[in-house]
Structure formats: C-alpha cells, structure tokens
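K.L.:
Just the structure for this:
(chains A and B)
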Amino acid sequence: MTRTRHARVRDIFLEASQRPESERDAYLEAACGAEPAMRREVESLLLHHEEPTTVEPTSRSTRPGRRRRTRFEAGHVFAGRYRIINELGRGGMGEVFRAHDLVLDEPVAIKFLPNTGRDHLDQLLNEVRMARQVSHPNVCRVFDFGEAEDETYLTMEYVDGENLASLLARIGRIPQDKLIELTRQLVAGLAAAHGRGVLHRDLKPANIMIDGRGRARITDFGIATSGVDASRAGGTRAGTPAYMSPEQISPGELSVQSDLYALGLVLYEMATGQQVFEAETPMAYAELHRTALPKPPSHLVDRLDPSLEAVIIQCLEKDPKARPASALAVLSVLPGGDSLQLALDAGETPSPEVVAAAGQQYALEPSHARALGALLFLLLVLVTVLGDRAYPGRTTWSQTPPEVMVNRANVILDELGIESEATDRAWGFVRHFDLPEDEAGLFWYRQASSTLIPEHLFAMRVARVDFWDPPPTERGMLRMLIEPSGNLNYLHSVPPAPSQDEASEENEGSEEDSEEDSEEDDEGEAQSAPEADANARADDTDPAPQAPGEPAEEPAEPETAAVDVPETESTADPASEPTPEVDWATLLRAAGFDPETARTAPVDKIPPTHADQRVAWTAPRDGMEYLLEAASRDGTVVYFEALPQNIEEPESFFDFQQLWLSYINLRRFFWLILVIAALILARINLRAGRGDLRGARRLAFLLFGMHVAVWLLQADHVPHARAELFLFEANVSRILLEAMIVWLAYVALEPIVRRWWPRALISWNRLLYGRLNDPLVGKGLLIGSVAGTWWALATQLDRLITRGLGLTDAGEIFVRSQLDVALSGRLLFAQVLDDCLQAGTTAVLDLFFLVALRVVFKRWWMAIVIFVLTHGVLETLEGFHPLVSWATLGIGITGVTVVLLIRYGLLAYATALFCYYILVFAPATLSFEAWYAETGLFIVLLIAALGAFSVRAALYGRPVTPTVIEPS
Amino acid sequence: MDNELKTQITEILNGLQGGTLDDVAQAEDLLPVVYDELRRLARAYLRRERSDHTLQPTALVHEAYLRLIDQDRLQWQGRTHFFAVGAQMMRRLLVDHARKRGRVKRGGDWQQVTLGHVVTPLLGRDLDHDELLALDQAINRLGDLDARQAKIVELRFFAGLEVAEVADLIGVSKRTVEGNWTHARAWLRRELATGGAA
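P.N.:
Numbering: from 1, shown residues only, chains lettered A, B, ... in the order given. Next up is the predicted model:
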C-alpha cells in the first residue's frame, strides 16, 4: 500500500462515514468502482469505525470486531471444579465467565486476569479482601480466590441478569418507579461499603448488575481501595474516565463523596438515558468533569421526581463538600425508606441530616393525635379547675391587685408621716420569712429618691430590683412588707437627706450604720453600685466616722443599747434637744395590732439603720403572739418588724435545705467537670468531623437570642446610659458564656447520643433545622405538651394530697412566682421565653446524662434505673413531702421523663419541661374576677394553642422533602 | 524536582517557541529528562498503588508536566511542545517496558516493575503488553504510510492533547486533524483486530 493510496482510502473512508448507511453503497460504488481492492479496504475500515458518540467504552462487548479469542471453550472444566458455560464479559480487570460449580452445584461467575504476575496477584487479593468486607444484598458477593491451570481466578456470585450499561443501551432509560427502587438499592449497597470504610472508586453502569427480579448489585470492587489506603496513596487516578469525579482526575483526596459523584453520574444516566458528559478522550472528560455544569435531568425527561433530581444534581457538585454528606443522606431524601435504620444496621453513626430525615413511620396515627389533643384539653381544664385549691395562698391575693397594695403602702407611709416622695418604685411578692408555711407570702414595696439599680449583676440570673437588691443603703431608700390583709409586716426606711440647714451635720460624719443590715439582708450583700451618686454617698466610705465635734445625734452603740435599754427610751445624748414624740399607736394599728393590748417588751433587735429611739412590744393578733420591734429617728419611724412568737420549726423528714445546698454545690462541681470534659471531647469530635456544628451553632444562636430577649424583657432597665451599658455588658457576657458552653456541650456530647440513641434526636434536629410544620415535630410537641401538663397537674395533686393527709406543706415558691408572673405582660413574656430556654437546656443536659450513663454502664436498663434514682431524688427535693412527693413527683415525673426521652425523643421531653415550667407558674383559675386570672388564662391558652398546632402538624404536616439537600 | 532543572526545562521549551514539530522532536536536551521523569513517575505510581494497575499515560504525562515545568514562566506554546515531547517519551517508555516484561519469565524477577495495563481511548479499555506492542507496531506502520497521521495519533493517545492543540502544534486545520484521527482509529482497530494481516 502506498502513501498516496493510503491518503485516498482515508478520504473515501471519511466521506463514507459521514453518510448514512443506506447511501454508503452508492457512494463507494462511485468512488472506487474501478478498484475493488480499495473498496474492500474502505469497507474494512468502516467496519471498525465507530460513531463518535459511542466512543465511551462501557458496552464494548456488544461491539463487533473486538472480540478476542476466548480463554476457555464452553464445557471446559476449570480447576476440576468449574464447568465454563460462557463468557460474560471483560471487566476492568479481566475476563469474566459464567460457570457451574460442580462441587456445590451452583452457578458462579469466575473472573480471570489476562496476565498474571505478582502485581495482579496483589490486586486480586485486594479485590477479595475489599469485597468480602462488604456483605449486603446489593453488593455482589465474592466467594473464593485461587490459582489453577496457570490462571489466577476469583469466584463470585453469578447474577442472572444484565449489567446496567447494556440495560440502558437496550431500553433507553429506567422508568420512574423502578428508578427510585434501583436508586435505593444502589445507595444502600454503596452505604454498606462505605460503612466498612471501602470506597468503590469505579462505580459505573457496567459495574452494576440487574438480575431478573430487578435487584441491583454493585460488582467489581477490583480497583476499590479502603479509605485509609487511598488517603495514604495520595491522589490516585484509577477509574473509568467517563465516571471519574473531579478530584479523582486531578490529585485530590478521594472520599465517600467521590463515589457519590459517580453515583450521581449513574443516576443521571438511569433517569435520562444519557450520559452527563460525553467526550472522546480522557482529557476531554477530565475537563468536563472539572468545569462543565450538567444539564438538569428534568430538561431531558418529564415528570422526574424533584427530590431525586435535586439529589442527583447535588451529587454532581464539583466541590466534594457540596455533595451529600453520605450515601445515606442520599437515601434519606428519596420517598420512603428508613435511612436511619440502615445506618444503625451498618453500625454507623448517622449524620445529623440522616437523623433529621429519618423515616415517616414514626409519625402519629391520626386517631392517636386527636386523642392526645383531647387529653391535653382535658388536662388543661383540670389544671385550671384545681388551681385555686392547689394554691390557696394565691387566692388570698385575688382581690388585692398590686396597685391596691402599692396604694396601701403609701397610705401607711402617710399615716406614719414618712415622706413618700420617690423617683423610683418597685414591688412584687415574696415568701414570708418567719412563717415558712404561710402560703400567701408577703407583698414587698420599695422606693428611693434615686433610681434603683440592681447590683447582683453576676449571679446567673437576670438582674432585677427585688426586696434585697440593691441593698437599702442610700438616703431616701425605703422598703416594706405588707401582709395580704394590708397589715404592715416590716418597714425599713433610710431617711432622705436632711434639708439645707441640717447639711452641716451631714458632712461631718456617718450617722447611719448602713452595714448593719437586717437578718434578711444576707442575700443582698454586694459591693455598692459603681455608679453610685458621688455626692450623696461620700460619707459611706469615709474612713474616719469619729470626727471631732460629734453632732448631737451620736450614733448609739448598738450592743450596749440592746442589752440595757428596758423599754421605750431615747438613746440620744441628753444634751441635745428633746426628740419629737413618735405616734407609736398609729404604727401598731397599721400593723393590725390593738395598741391597748400591746405590752412593752425589752428591745432586742438591732435596727438596720441609725435610730435615736427604739421600742418593743408583745401583742396578740389572730390568736398568735407577736414580738414587735420598732425604731425611730427625729420622730419618724425608720424600722418596724412583726415577729411571730413560739413558731414551731416544721419537722422535716431530713434536712431538705442542707441536702439541696449540697446538691447545688455538687452540681456546680459537676458542671466544671462537664465543661472540661466537653472541651476535650469537642476537640476530638471536631478533629474527627463528627460534631453537628450546624445544629450546635443554631442552638447556641437560638439560646443567645432568647437569653437576650429575656434580659430585655425581664431585667430592670435604668435611665442612666452608663449604668444601663454596664448592665448590658455584664448580662451579655454572662449570656455569651452560657451560649458558648451549650455549643461546646452540644458539639462534644451530641455525637454520642447520635451514636447510641439517634431516634431521640429525629424531631429535635428537624425543629433545629427549621422544619416546624412537620408530622414528627408535631408529634414531639403534642406528646410533650400532654406530658408536661400532666406534670403540672401532678404537682397540684401532690399539694392537694399532702394537705389532705395533714402533712407539712412548705411550698410557697409557686404562689410567689405565679403572682410575679402576673405583675406585667413584660414579665409574663419573659417568663415564657425563659421557660423555653430552661426547658431546652435542661432537656439536652438530661439526655446527655442518660446516654452517658448508658455508655458507662453498657446497659440500658442500668442506665435507666440509675437515672430514675438520681433524677427522682432531685425531683423529690423540689416536692413537699418526701414519701408522697416521691410517689407523685419522683417516680411519676422521672418515669415519664425516661419514657419521653427514650420513646419519643428530646423534643418531646423539652416540650414537656416547657409546659410544666410555664404551667406551674401559671395562676390558672376559674375565678375570673381575680386580677391575675388573665395571666393564668393566657398561659393555659398558650399551651392549648401549642397543642392545637402540634395536632395539626402531626396530622397534616408536610412530609419530609429534601430541604436539607437543595440545589443552589 | 529541583528548581534549577525546572527553570532549565522551561527555558528550553520557551526557546522552541515558534519552532516546528521536528525541532521539538530534536530537542535532545529535553528528551532524556522527560523520559526519566515519566519512568520515575510510573514506577512510583505502580509501587505505591499495588491494587490499582490501570495506568493512564495521559495522566502520567500531565503529572510530569506539572513536576517538570515552571508554569509561571512557560509561554503558551511551550505547553503543547512539552506534550509533544511527553507523548513521544511516554510511548517509548510503554513500549520499552512491554518488551522488557516479555523477556521476564513469570514468577521471575518480580521486582521488575511492569507498567501493568494501559488505558487508551483507542479501544477504550485496558491494553495488555502484547496489545501495547502491537499497537506500537501498528502506529509505526501508519507512520510509514503517513508520518503526520501517526504523529497525530501519538499526540492524542499518549499526551491526551485536544484536537485544537494538535492542530496548533503541527500547523494544520482542526478539520484535518479530526479526519486523520477518525480514520486512524478505524485503521488501527482493524490492524489490531487482524494482527496487521489486512
């Protein structure tokens, strides 16, 4: 053949190949009619010509002219055991024959390598090792490995079907319903492999066998390496160019996501019948895989499931990080199927997305949802009906709203001739210090001639003005306690600054012993406010109170005075002008005592402020004997206190207070350890990429925002820019720290929960990821609100039962809080938010605690027993009587807690806590004339609304759609 | 790869700027360096990757390119020049190894690295050593008939150059390259199928 002839043949060949087959004959006839040899030459070339579009090598076995001689003839018995039936194809690594295993009487597939040698042996062994690690119905099983007849071979499961490549070539594309089914199988197989740390790395239609019943199997783990090996080897370039991920082409870390890319290519081809990219050379493929954007599958076919399309496109992201987190994440967005179960079966810790997207089969039956809704309604009615009986102390106040009490306070002050001009006032409810069993408590009122600024900034609570804070150390400050009946119970007044003519005295020395706080003031001990008004308070810190030229009112020496003074007596210097007479009778009447029956008594109590006159009586009231102490200065009452006598200390089963304090201390210690442990764990988790960063971030932000809102609503804000800024800074730093600790704890411990009890997180994660209208979220909220309302009712029953049995009942805290909540709408909203916060935090920590017990004790039942015991004790501590409370609260609440956590998850538990907290604070009542009735009603309706919403969500919530996995 | 050598190679390639294909083929300074690097890469590649013996010549050439060339300083045409050299050397390397492999008895000196299988877009699958040698001879025969066509095949097969790049390098139209390429594939396939008998 000459060069010119070669060129002519080429031209004719090219021309002929451009023409449709029907015209070729005519063309060839015309072009080389005279030269039959040339025509034969062109025809032989045409026989080996292939269309550019089918250059891809997947279905090579179907092409003519390629077939080499087969290694074995049919009927040959190989290795004395396998009767060769026919050649199935030539895979990436060798020829595959169908054979019959004469020993086991089973069909098998045998794969031979075309060349043997040390390398191939290693390769084959590797294949066996890889493939045998994976046992899954959707992964082709590998049986054995051997050498015989100069051949190295591998036997594996014979799949009676065809590979996906030829199936697609035959039928075009896979129909919709079959598509989802096959996809699920492929992903499940892949997930099983990934679960064993095995990457396939050459996933393509030719490596997927579909058997006669439509079951898919992934074959040919021939070039798969385990994840560890792959990372050690650096960027390797095994694979088939058309199905290689961008990072597989250029040196990059291969990961699960590389297989997911190939999966995306395969799914795309299954769905559309077309390859994502088509090119002639590996380089061209590489370029396309690196840079080209795939055409959305829905542009090629109609009625493609949108979630499937979304996930295909996400799989085809160039950036591995943008692809689904795992094969299971792909599965989770497909209609139906429980990816969580698959993950657990595979021994894998499911990702937060998989947990959030777990199957719908956990949703509530419609009839159950409605029944629970009705139950919630019933419980709420009971809570409301029993409210007044359970909290009789509350009803004492029902006809005296705070305005009335404030008015009463001013009337008393007027009667006593105390100046009641004030620039700032505050009031609220407080427990009765001397009568711990007194359910009703007291009303506190305080006023000051300057703004009241709380000093208790760094306590783990919102800074609010209360009876103790700020301590009444400044001139013009006054505080008092009033009983529900309107009787004065306590008065402590620091007289305002003296008028101009008395100013000289003022400058010369301290005249009030402000350090001498009353006994109740312990809690209020704090450094003086940094922004304290300098000119008014200069004398407070004066180191030399004993200035020369002591004024007339020399401070009394309290100790000696208390011991020696027998009755009403002036402690003033005899040289001074006579002290004005004080109208003690008015004071006694304001406190509800008859001056006639009062008998003077030895002065005992040290007045909390400077006084020049002190007095004490004993007097009866309502069949009880009281010790009354009072003091005055310049003829004005500065101190009064009514102390009930002969109070029997309520007998306690054990020392609750002590136990409670040790528990608090223990908890602080536990917290410290927890934070340190969380630091370490979080670091480990972050390194291993395990922590749910997104969830932790959302939770922390949520808590932070809510904390700030609570602070804005609940704290007392002051009209001083500097002071307010200081309060803001102090609170934000506290809140920030809390949010950070929660973040830390979540990153550290959530993966453990996810590992051991992922079901607890399903609805929680969904809510955290912003899916409100969701059947499972609805279920969690509904069950939680029923349980929480039950707890609130149980608390009421506990009170009713203990009282009915005549047992001691020291519970005042609810009454006070209930009335406080009703003080203003601002406080009510703050309470709702705060309860939400507390419920969330407590629930998360409790779950961590339970799962930690499970990890430590290795058995669920042990973890549960210990949890119930410890948790039950804690609950009992908050109850009113050890035994009864144990029964009603300890076991009742804790038992339900465990059931909630384990059976219904974190969200249900958090909701239950929220409902419990807020209902316990709710002054729910049927006597609508009470001033707090609206607040109670509001809270009950709030829970009812939550219940209604959750029933609706549980019934009609939109099923899970791939909101997590969305194409950008 | 030390930087001096890198600079040197880059300079040589820049010096070939505007040169013909023959000039490139004659760049004696360049050939041994590229050959050695390719061989080194191939060995390293196969050694560390025991389970994976499918070799892609184009990938190797690309890797050699990345390692040998100071890309900031190389002018545009230098890139195609390099691949021309790379393709030539890759082909030679593969053939050398296939021959060597043929001499080594099975189970003999197993440390002798073989290049395993080679993926080419010609058959779209792995070639074993015999096939590789047959392919090499077929390309030689094609070169006897049309040297330019054989060069096109070499550039496309072993360096993975795009049609446009090949056209640029040997100074013909893209259409010509495409036609030659299509024909050459059919021709080589036939040669391989019939063992060159036709």
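
K.L.:
Can you find the helix or strand in chain B with the smallest mean pLDDT?
P.N.:
Across the helices and strands of chain B, the lowest-confidence element by mean pLDDT, DSSP states H and E is strand B:117-120, at a mean of 53.

K.L.:
Can you name the residues of the stretch 251-400 of chain A sitting close to chain B?
P.N.:
Taking Cβ under 8 Å from any Cβ of the partner chain as the criterion, the stretch 251-400 of chain A approaches chain B at residues A:251, A:280-284. Any C-beta I mention is one placed from the backbone N, CA and C, and that applies to glycine too.

K.L.:
Let's see that with 6 Å instead.
P.N.:
The stretch 251-400 of chain A comes close to chain B at residues A:281-283, as judged by Cβ under 6 Å from any Cβ of the partner chain.

K.L.:
What about these, which are in helices?
P.N.:
Residues of those located in helices (DSSP state H): A:282-283.

K.L.:
For chain B, which segments are assigned as strands?
P.N.:
With DSSP state E, the ranges of strands along chain B come out as B:54-55, B:117-120, B:125-127.

K.L.:
re earlier: need the residues of the stretch 251-400 of chain A next to chain B in TSV (columns: neighbour count and distance to A:L702).
P.N.:
Putting these into TSV (neighbours: other Cβ atoms under 10 Å in any protein chain shown; distance: Cβ to Cβ, whole Å) gives the following:
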residue	neighbour count	distance to A:L702
A:T281	20	53
A:P282	24	50
A:M283	24	50
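
K.L.:
between the residues of the stretch 251-400 of chain A next to chain B, which is closest to chain B?
P.N.:
Closest approach to chain B among these (Cβ to the nearest Cβ): A:M283, at 3.6 Å.

K.L.:
Quick check: pLDDT value at the residue located most distally from the centre of chain A.
P.N.:
Of all residues in chain A, A:A34 sits farthest from the chain's C-alpha centroid, using Cα atoms, centre = their mean; the distance is 85.8 Å. At A:A34 the predicted local distance difference test score is 74.

K.L.:
Can you tell me the SS state at the residue of the stretch 301-450 of chain A found nearest chain B?
P.N.:
In the stretch 301-450 of chain A, no residue comes nearer to chain B than A:K318, which is 18.5 Å away by Cβ to the nearest Cβ. Secondary structure assignment for A:K318 (DSSP: H, G, I helix; E, B strand; the rest coil): coil.

K.L.:
mind listing what it touches?
P.N.:
The neighbours of A:K318, taking Cβ atoms under 6 Å, 6 or more residues apart in numbering or on different chains as the test, are A:P246.

K.L.:
try 7 Å
P.N.:
Going by Cβ atoms under 7 Å, 6 or more residues apart in numbering or on different chains, A:K318 touches A:246, A:290.

K.L.:
Then A:L913?
P.N.:
The contact partners of A:L913, taken as Cβ under 7 Å, 6+ apart, are A:788, A:839, A:842-843.

K.L.:
Over to A:R196?
P.N.:
By Cβ under 7 Å, 6+ apart, the residues touching A:R196 are A:133-134.

K.L.:
Then A:C836?
P.N.:
A:706, A:914.

K.L.:
chain center to the host helix or strand of it, what's the gap?
P.N.:
Using DSSP states H and E, the element containing A:C836 is helix A:825-857. Distance, stretch centre to chain centre, for helix A:825-857: 9 Å (Cα atoms, centre = their mean, to the nearest Å).

K.L.:
Tally up the residues packed near A:L300, please.
P.N.:
14 (other Cβ atoms under 10 Å in any protein chain shown).

K.L.:
chain center to stretch A:272-288: distance?
P.N.:
Distance of stretch A:272-288 from its chain centroid, counting by Cα atoms, centre = their mean, is 44 Å.

K.L.:
any idea of the mean pLDDT in it?
P.N.:
Averaged across stretch A:272-288, pLDDT comes to 79.
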